[in-house]
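# okay, sequence plus prediction incoming.
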Amino acid sequence: MLHLVFKLRFLLNVLLVLALLLLLVPSPFCAQSAERPIRVAARICPPFVINDAGEFSGLSIFLWDNIASELGLEYSIEEYGLYEMLESIAQGKADVGVSCLSKTHEREKIIDFSHSFYETHLAIAVKQHGFMHAIKAIFFNKKLYGVVGIIVGLAVLIGGILFLLEHKINPKLYSMKNRGGKLVEGFITGLLFVTSWPIRYYEFRTLGGRTLSAVLAVGSTLMIASVTALLASAFTLDQIRSELTGPQALAKVKVGALEASTSLEYLQEQGINSRTFSDRQKLLAALDAGSLGAVVADGAVLKYLIKNAQAEGRYESLSVLPFEFEKQSYAFALPDHSPHVEKFNQALLAVLEGPLWRKELIKYLGK
């Protein structure tokens, strides 16, 4: 019995020593940094991640650098594309993903996220067109030609019937001496009925002419309203200036988005066909060249890229429309079920609550 007691005491002492050792061991991040630097996978996304001749900067880099200082970490940064960054985190080839990475349900199936550090929305960029483009749009508007064709057709039909009934006995409406002139007068009569109906039934001398005039009088309000509606639809802002009235109108134009992005996911969910690009500069260049009618991307990123490009004399006609939709929450990516999430979030919150973060926001975004 005494022998058993000694064995139990020995086991308890061993467990106590192990517990003390675990308490003295640094956090998982720190333990990892003692063996090797933290592997950071960065994806270029101005103003959050910028690579200037191998020197990384930007809002996300600022946050990560301060988190690393808070946790006493050494790290190395390697640039990745979006697909590659997500895969490297999921497969354990990188320890942290730094970019303008939105938290989504699909991504959380394979990786973990830190707390959000920036909130934005999807936005639409378009190329604004000037006065000459509007004039060209009017003259080359196929819809307008269709409307004019309908008006002319109705005028010919109505004017032709009235001409056959009245031209021989009604010198007041058909005063021209030659047949051609009278035909023109007939067309004008029909056109007036289609567009404004100014001729009263008693101006006609035949019963058929007066009957047709009365029938047209009953339907004139509907006819004129229909013509007005057709003309209005042909001269909408979308047709003349190629501007969008909101996200719901994206299906009317050629849309571009980044591959594997939340913008592309949104367009696919809405059933909107789009061209995909691997690079934001190529995306904006396509919009500026006129091969795209609109670009959908994160609002903060779009505004920053266009503003900086315009300061350099590029993309001067591009602008971001004042529509915000599909909220985006940026966060850092971590391996799935990472044991580092809690300490990471504590350090992240400490930086976000500090005065330097606000200065960085103003520096890059001006707000």
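Great, that's in hand.
# now do the contacts for the residue nearest the centre of the chain.
In the chain, the residue lying closest to the centroid (Cα atoms, centre = their mean) is residue 296, at 2.4 Å. By Cβ atoms under 8 Å, 6 or more residues apart in numbering, residue 296 lies in contact with 122-124, 250, 255-257, 263, 266-267, 274. In short, each C-beta sits where N, CA and C put it, glycine included.
# go again using 6 Å as the cut-off
When contacts are counted by Cβ atoms under 6 Å, 6 or more residues apart in numbering, residue 296 touches 122, 124, 257, 263.
# which SS state does it fall under?
strand (DSSP: H, G, I helix; E, B strand; the rest coil).
# show the pLDDT at the closest residue to it other than its chain neighbours.
Leaving aside its sequence neighbours, residue 296 sits nearest to residue 263 (Cβ to Cβ, 6 or more residues apart in numbering; 4.4 Å). Note for residue 263: predicted pLDDT of 96.
# confirm that residue 263 sits in a strand.
No. Read with three-state DSSP, residue 263 is helix and lies in no strand.
# residues contacting residue 166?
204, 206, 209.
# can I get the buried part of these as one ChimeraX selection?
In ChimeraX, a selection of the buried entries from those looks like this (16 or more other Cβ atoms under 10 Å):
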select :204,209
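# CSV for the contacts of residue 166, including secondary structure?
Converted to CSV, the contacts of residue 166 look like this (three-state DSSP):
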residue, secondary structure
204, coil
206, coil
209, helix
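# what would the contacts of residue 166 look like in a markdown table with distance to residue 361 and pLDDT?
Below are those laid out as a markdown table (distance: Cβ to Cβ, whole Å; pLDDT from 0 to 100):
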| residue | distance to residue 361 | pLDDT |
| --- | --- | --- |
| 204 | 75 | 78 |
| 206 | 80 | 81 |
| 209 | 76 | 76 |
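# which strands border the longest strand seen in the chain, and is each parallel or antiparallel?
In the chain, taking DSSP state E as the definition, the longest strand is strand 118-127. Neighbouring strands of strand 118-127 in its sheet, by DSSP bridges, are strand 294-298 (antiparallel), strand 318-320 (antiparallel), strand 325-330 (antiparallel).
# may I see the buried residues of it?
118, 120, 122-127.
# need the contact partners of it.
Residues contacting strand 118-127 (Cβ under 6 Å, 6+ apart): 243, 263, 287, 294-296, 298-300, 302, 317-318, 320-321, 323-330.
# need the contacts of residue 166 in CSV (columns: distance to residue 180).
Listed next are the contacts of residue 166 as CSV, based on distance: Cβ to Cβ, whole Å:
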residue, distance to residue 180
204, 22
206, 22
209, 21
